[in-house]
Structures are given as structure tokens and as C-alpha cells.
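K.L.:
Here you go, sequence then predicted model.
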Amino acid sequence: MGRIEDAFNNLKHNGRKGFIPFITAGDPDLETTEQILIELAQAGATLIELGVPFSDPMADGPVIQRASERALKNSFGLEDLLDMVARSRAQIDTPIILFSYFNPLLQFGVKRLAKAARGAGIDGVLVTDLTPEESGEFEAELRANALDMIFLVAPTSTDERLQLVAEHASGFVYAVSRAGVTGTRETVSAEAENLVTRMRQFTSLPIAVGFGISTVEQVRDVHRYADAVVVGSAIVAEMERLSNAPDLARRIGEFTRALNQ
């Protein structure tokens with residue numbers, strides 16, 4: 001049993017719901033990212049989404065776009081990112097998944113990435129722009145290295161699409177709360193609950209809901225019907241606001257803990 005499956009099984013056993021924070025690797029730098037990973041784990045994260053910075057993040061709103069821009073100025077590569085994750089594994093056992101566009105992974109090399117990610121302590125990969133129909137080689141390499149392949153579903157997904165994702169996904173399914181890009185919103189769309197209900201017809205995997213969740217009230221609302229909630233833009237925005245704070249990692253840990261009450 002992998003760390004992701006184990007984490008969700010523990011939640012179910014204890015009658016709890018999950019909390020999945022997202023941060024962009026290298027924002028503001030890799031050393032701080034390592035510290036924040038540790039703080040997020042200590043703050044009770046079920047698992048952590050670690051964004052791979054990319055120059056053309058089409059699915060992301062302005063907050064995460066700016067985080068990618070800041071990270072890319074540090075001129076590090078995937079190998080450096082994975083080395084940083086490996087160092088963090090000396091202190092934390094929380095599952096970590098790479099959240100990426102396919103281009104930087106393809107440039108690194110699919111086979112090489114799967115082996116290196118496993119060696120670094122990564123537990124799964126979510127590629128925002130890789131569909132199940134096109135994921136065969138990548139999915140096979142991940143599975144050969146005991147890594148989970150996480151897919152996105154959206155309110156606009158047809159039942160046929162949901163079934164296809166269910167056939168390919170492992171670890172959990174990421175349900176996008178609404179159409180559009182990432183970013184905080186005043187309310188979470190009612191479409192999200194309907195999407196989770198529809199997805200449960202096709203899979204017994206845990207379902208996490210993300211995009212637009214930024215308050216304690218929204219987290220609690222999503223916990224009514226989903227197995228976990230993903231919070232990204234709100235955390236990244238707080239990092240941007242506190243960018244000059246000497247204790248940035250600790251304060252992000254406190255911010256995350258406050259959201260997951």
C-alpha cells in the first residue's frame with residue numbers, strides 16, 4: 001500500500017476528511033520550499049501538491065502564474081527539485097505529488113522522471129494537460145515505479161470521460177470545482193458537489209475537490225461531500241504577501257492549519 005492510499009485509509013478509519021495544500025516549488029527559493037514542505041506536513045496536510053514551475057501555465061490564474069514566474073528566475077531544474085524533496089524526506093512522511101504541465105516532464109525524460117521521482121520520495125504525478133487517451137507511456141512508467149497517476153475531472157466532463165478517468169487513475173481523483181483557471185472565489189460552485197456524486201458512480205477512489213477554495217467555511221462545505229479539499233491560490237497568495245518575512249515557512253504552516261480546522 002502506497003503512502004497516498006495509506007493516508008486516505010487513515011482518514012476513513014478516523015472518520016475525517018483530507019486537506020491538500022498546493023505550493024509552487026522554488027517560490028521564493030528551493031531552500032524555503034523545503035522548509036514549507038516540513039511545516040505543511042506538521043500542520044496536518046493529508047498530502048502535498050508540489051507545483052513544477054512552467055513558463056506557460058494555462059490552467060492557472062494570476063496568483064500561481066506569478067509564483068511560477070518568481071520560481072523560474074531561480075534557474076533550477078527538475079533534478080534540483082527532486083533533490084530538495086529527497087532532503088525533506090528525512091523529516092516528513094506525508095505523501096507528495098508533482099503537479100505539472102507535461103512539457104517540463106517530457107523534456108526531462110519520461111522514463112528518467114519516473115525513476116528519479118520514486119527515488120526522491122514522490123508518490124504520484126498529476127499532469128494538467130495530459131489526457132487519459134495520451135497518457136499510456138507515461139502512465140506505464142509511473143506504475144512500473146509504484147507511482148500514482150492522478151487525473152482531473154471537471155463539471156463539463158461527460159459520463160464517458162469520467163469512466164475513462166476512473167479506468168486510468170490511481171491514488172485519488174482531482175475534481176475541479178468549476179470551469180476556468182485556478183484562483184480564489186467567494187463561493188464554491190454547486191456544480192462541484194454534483195460532479196463528485198457523478199464521479200462516485202465510476203470509482204471507489206477518494207475524490208478531492210479544488211480550484212477556488214480559500215476559506216474555512218468553503219473547506220467545511222466541500223468536506224460534506226468530498227474526501228478531501230485542495231487549497232492552492234489562497235496559500236500561494238499568502239506566501240506572496242509575506243514574501244519578506246524571515247519566518248515565512250512557519251507562518252504558512254500556521255495559515256494552513258487555520259484553514260483546516
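P.N.:
Arrived safely. Residues are numbered from 1 along each chain as shown.

K.L.:
quick one: pLDDT of residue 178?
P.N.:
pLDDT for residue 178: 64.

K.L.:
Could you pull up the residues touching the residue nearest to the spatial centre of the chain?
P.N.:
What sits nearest the mean C-alpha location of the chain, by CA atoms, centre = their mean, is residue 49, with 2.9 Å. Residues near residue 49 by CB atoms under 8 Å, 6 or more residues apart in numbering: 20, 21, 22, 23, 97, 99, 126, 230, 232. Placement of C-beta: from N, CA and C, glycine included.

K.L.:
Going by neighbour count, which of these comes out on top?
P.N.:
Highest neighbour count within these: residue 21, with 30 neighbours (other CB atoms under 10 Å).

K.L.:
quick one, helices of the stretch 1-150 of the chain?
P.N.:
3-13, 30-42, 62-72, 78-88, 102-108, 110-120, 136-144 (DSSP state H, counting those that start in this stretch).

K.L.:
How about the second one, which residues are buried there?
P.N.:
Of all the residues in helix 30-42, those buried under the rule 16 or more other CB atoms under 10 Å are 30, 32, 33, 34, 35, 36, 37, 38, 39, 40, 41.

K.L.:
Pull the most distant pair out of these.
P.N.:
Spatially, the most separated pair among the buried residues of helix 30-42 is 30 and 41, at 16.8 Å (CB to CB).

K.L.:
To residue 238, which of the helices of the stretch 1-150 of the chain lies closest?
P.N.:
Here helix 62-72 is closest among the helices of the stretch 1-150 of the chain (CB to CB), at 9.9 Å.

K.L.:
Name the residues that touch the closest one?
P.N.:
Counting by CB under 8 Å, 6+ apart, 22-28, 51, 53-55, 57, 60, 182-184, 232-233, 236-237, 239-240 sit against helix 62-72.

K.L.:
Could you rerun that using 7 Å?
P.N.:
By CB atoms under 7 Å, 6 or more residues apart in numbering, the residues outside helix 62-72 that reach it are 24-28, 51, 53-55, 57, 182-183, 232-233, 236-237, 240.

K.L.:
for it, the distance to its chain's centre please.
P.N.:
16 Å (CA atoms, centre = their mean, to the nearest Å).

K.L.:
tell me which residues in it are buried?
P.N.:
Residues of helix 62-72 classed as buried: 63, 64, 65, 66, 67, 68, 70, 71 (neighbour count, 16+ other CB under 10 Å).

K.L.:
export those to TSV and tack on pLDDT?
P.N.:
Shown next, in TSV, are those (pLDDT from 0 to 100):
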residue	pLDDT
63	92
64	93
65	93
66	94
67	95
68	95
70	96
71	96
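
K.L.:
For the residues you listed, give me JSON lines that also has distance to residue 45.
P.N.:
Converted to JSON lines, the buried residues of helix 62-72 look like this (distance: CB to CB, whole Å):
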{"residue": "63", "distance to residue 45": "19"}
{"residue": "64", "distance to residue 45": "18"}
{"residue": "65", "distance to residue 45": "23"}
{"residue": "66", "distance to residue 45": "23"}
{"residue": "67", "distance to residue 45": "18"}
{"residue": "68", "distance to residue 45": "21"}
{"residue": "70", "distance to residue 45": "22"}
{"residue": "71", "distance to residue 45": "20"}
